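K.L.:
predicted coordinates and the sequence they were generated for:
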Amino acid sequence: KVNDLANILKESSSNLETIKCETEERGNSMTDTTPLVNIKLALQGIKSEIKSFDLQIGIVEHVLLQTRLENSRAEKENLQVAMNEIDDASFEELSHGEHL
């Protein structure tokens, strides 16, 4: 009977040790903040990329606006030149017509 009780005690001690190890492993995995730290670092990287993209978008918008303004000015100048040429041609026609 003592041997049976000793075997039960040995088996119970082994089960208890296994349960303690499993509990410790679960506790360690719950307190491991490595995944959370990695997520935070990834978010910081994404935020940095967003700022960079916003800056690039702003630069492209500025260049586009400047190009539009330059094109608008060039169109106005071309229109003015064309109007002056029409006025000069009309004046020449009138001048030639008066001399005849």
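P.N.:
Perfect, thanks for sending it. Numbering: from 1, shown residues only.
K.L.:
against residue 24, how distant is residue 32?
P.N.:
For residue 32, the distance to residue 24 equals 13 Å [CB to CB, to the nearest Å]. No exception for glycine: its C-beta is placed from N, CA and C like everyone else's.
K.L.:
now the strands for the protein?
P.N.:
Shown for the chain, no strands are assigned by DSSP state E.
K.L.:
give me the most central residue, it.
P.N.:
In the chain, the centroid-proximal residue (CA atoms, centre = their mean) is residue 50; its distance is 3.0 Å.
K.L.:
in contact with that residue, which residues?
P.N.:
With contacts defined as CB atoms under 8 Å, 6 or more residues apart in numbering, residue 50 has no neighbours.
K.L.:
scan this protein for its longest helix.
P.N.:
Identified as the longest helix of the chain according to DSSP state H is helix 34-99.
K.L.:
what about residue 14, neighbour count?
P.N.:
10 (other CB atoms under 10 Å).
K.L.:
please begin residue numbering at 25 from this point
P.N.:
Done: numbering now begins at 25, and the last item shifts to residue 38.
K.L.:
quick check: which ranges of the protein have low pLDDT?
P.N.:
Applying pLDDT under 70 to the chain flags the ranges 115, 118-124.
K.L.:
try it again at 50.
P.N.:
Scanning the chain for pLDDT under 50 picks out the ranges 124.
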